[in-house]
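# model the structure of this input:
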Amino acid sequence: MRSIAVANQKGGVGKTTTSVNLAIGLARAGRRVCLIDLDPQAHATLHVGVQPGAHAVSSFDLLAGGASLADATVAAADRLWLIPSHIDLSATEVALAGQPGRESILRRRIEADPACQPGGAGYDYLIIDCPPSLGLLSLNAMAAVDRVLLPLQPHFLALHGLSKLLETVELVSERVNPRLRVLGVVLCMFESATRLAGGVGRDVEAFFSSEARHAAWSDARLFRTRIRRNIRLAEAPSFGQSIFDYAPDSHGAEDYRALAEEVDQAAAGAVVRDRWAA
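Residues are numbered from 1 along each chain as shown. Just a heads-up that it's a prediction; the model follows:
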């Protein structure tokens, strides 16, 4: 099973849109995917057409209530399963205050689930939508996965945020999860006609090719696929649909279809590298 956290501490960069449409793009390509919504806003849950609170068990119960992955899982689409979010997630840090190993609870739940066992007939992918912060919820996600995917809006301030996010990945890799690596950066809300967008892309590529690379992101890349700014992507969540269902002929559907294929190839290569390293 390949596990990916989609993370960025800045809101409004396309993180949830990427989590949902990547998960469904992989599912439509024949992969069995479990999407975990760790954002208290529950936007990924709504995006796939599930009402927060409609299921008795949520990702909050997974972290703070001792529920298993199977208890919390809802079938959301063909080959797609969801662990829904709930507003209670906003109280996770308080609920788990003082609990030993609280940053690794999600990892233990995943490791205990038969569908997530290596070589099993369960999920091919686990995708985690992180909240727009670097608190306990994002820490649990990074402690539980092998790879982090970073959606980035091509603005100057987003580059500054990228360096802070990579510092967090480095710390988690060194202290909590030695397997953790950055899979890559995907540029969202991309406008090819602007000079800034092209400049940010070149800066990211130069950054990842620099000499001062940490092991946690030494193999990271800027994905070739650019998620173009597209009004259909903004409209789809209000109908509880992915871009593939809402506007299958749009640029948004074309871009996320290409990204799913590119991520699938990159993740397969990452698994091979990890086996060699082991």
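# CA only for contacts and neighbour counts going forward, please
Will do.
# low-confidence stretches in the stretch 101-250 of the chain?
Applying pLDDT under 70 to the stretch 101-250 of the chain flags the ranges 119-120, 193, 196-197, 210-212.
# one more pass at 80, please.
Within the stretch 101-250 of the chain, the segments meeting pLDDT under 80 span 118-121, 155-161, 191-201, 203, 205-213.
# from the chain's centroid, how far away is stretch 131-142?
Centroid displacement of stretch 131-142 relative to its chain, using CA atoms, centre = their mean, to the nearest Å, is 11 Å.
# that stretch: end-to-end distance?
12 Å (CA to CA, to the nearest Å).
# quick one: contacts of it?
Contacting residues not belonging to stretch 131-142 are listed as 5, 7-11, 38-40, 92-93, 102-107, 128, 130, 148, 168-169, 172, 177, 180 [CA atoms under 8 Å, 6 or more residues apart in numbering].
# do that again at 7 Å, thanks
5, 8-11, 38-39, 93, 103-106, 128, 130 (CA atoms under 7 Å, 6 or more residues apart in numbering).
# again with stretch 83-94
35-42, 45, 52-53, 58-60, 64, 72-74, 136.
# narrow the contacts of stretch 131-142 to those in strands?
Among these, DSSP state E puts 5, 128 in strands.
# one step back: for ChimeraX, what selects the buried ones among the contacts of stretch 83-94?
Buried residues within the contacts of stretch 83-94, by 16 or more other CA atoms under 10 Å, are selected in ChimeraX with:
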select :35,36,37,38,39,40,41,42,45,52,58,59,60,64,72,73,74,136
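# how about the helices of this structure, start to end?
With DSSP state H as the criterion, the chain has helices at 15-28, 43-47, 59-64, 69-72, 92-95, 105-111, 136-144, 156-175, 195-208, 231-235, 243-246, 251-277.
# who wins for proximity to H214 among the ones you listed?
helix 156-175 (7.3 Å; CA to CA).
# neighbours of V172, how many?
Neighbour count for V172, taken as other CA atoms under 10 Å: 21.
# dump the residue contacts of it.
A143.
# what's the separation between it and L149?
From V172 across to L149, the span is 15 Å (CA to CA).
# and if you look at L69?
22 Å.
# likewise for E191?
21 Å.
# and the two? which has more neighbours close in?
L149 (23 against 17).
# who does the closest residue to the more buried one other than its chain neighbours bridge with?
Nearest residue to L149 in three dimensions, chain neighbours excluded: V6, at 4.8 Å (CA to CA, 6 or more residues apart in numbering). As for beta bridges, V6 partners with D129, L149 under DSSP bridges.
# for V6, give its distance to V57.
Distance from V6 to V57, by CA to CA: 22 Å.
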